[in-house]
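show me the folded form of this:
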Amino acid sequence: MSRWILTHVDTSETWTMPLNPNKMSSPHQDRSIQTSYGTRQGTQRLRGFVTATEAKEWTWSGVIRTKEHYDKLEEWAKKTGRVRVTDHLGRVFEVFIQEFIPEDRQPNKKVAWRLTYQMTTLLLRRIS
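Now for the predicted structure:
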């Protein structure tokens, strides 16, 4: 499995995440269905279409096990401009990072840094 990579569009700075997110919302545009009825005995036809020009909110979340991971996520959340996200399937998306929400979890003997997080982005488009 490939690691997620963040690339800042303006500076070409990249960062490979040490742990992939373990949850994410769908990066695909919602589909709208139009229904039209034919003239023959109420035959109905369904057409699906996607409004590709609308940006949508895209979230992903996961766990943080080190201070370095936390610091990098916080740093990337503060960046302005567009960021390209390459996910574990090799898909590339262009986003604006809107919000980083870390949440402390009780540390244990094995893991001193134990947090969960959610990253909220505005998904502009899928590049590949």
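
burial count for Leu73?
21 (other Cβ atoms under 10 Å). Quick note: C-beta positions are derived from backbone N, CA and C, even for glycine.

check which helix or strand it maps to.
helix 67-78 (DSSP states H and E).

what's the following helix or strand after that helix?
strand 83-86.

which other helices and strands contact that following strand?
strand 5-8, strand 92-104 (3 or more Cβ pairs under 8 Å, 6 or more residues apart in numbering; DSSP states H and E).

if I look at Lys56, how far off is Val83?
Distance from Lys56 to Val83, counting by Cβ to Cβ, to the nearest Å: 16 Å.

of these two, which one has the most company?
Just comparing Lys56 and Val83: by other Cβ under 10 Å the higher neighbour count belongs to Val83, 22 against 15.

my read: the more buried one touches Phe93, true?
No: contact criterion Cβ atoms under 8 Å: Val83 and Phe93 do not qualify, at 9.0 Å.

rewinding a little: please export the C-alpha coordinates of the helix holding Leu73 as CSV.
These are the backbone C-alpha positions of helix 67-78, laid out as CSV (Å, rounded to 0.1, in the frame of the first residue of the first chain):
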residue,chain,number,x,y,z
LYS,A,67,5.2,14.6,17.7
GLU,A,68,6.7,14.9,14.2
HIS,A,69,3.5,13.6,12.6
TYR,A,70,1.4,16.0,14.6
ASP,A,71,3.7,19.0,13.8
LYS,A,72,3.7,18.2,10.1
LEU,A,73,-0.1,17.9,9.9
GLU,A,74,-0.5,21.2,11.8
GLU,A,75,2.1,22.8,9.5
TRP,A,76,0.3,21.7,6.3
ALA,A,77,-3.1,22.8,7.7
LYS,A,78,-1.7,26.3,8.0
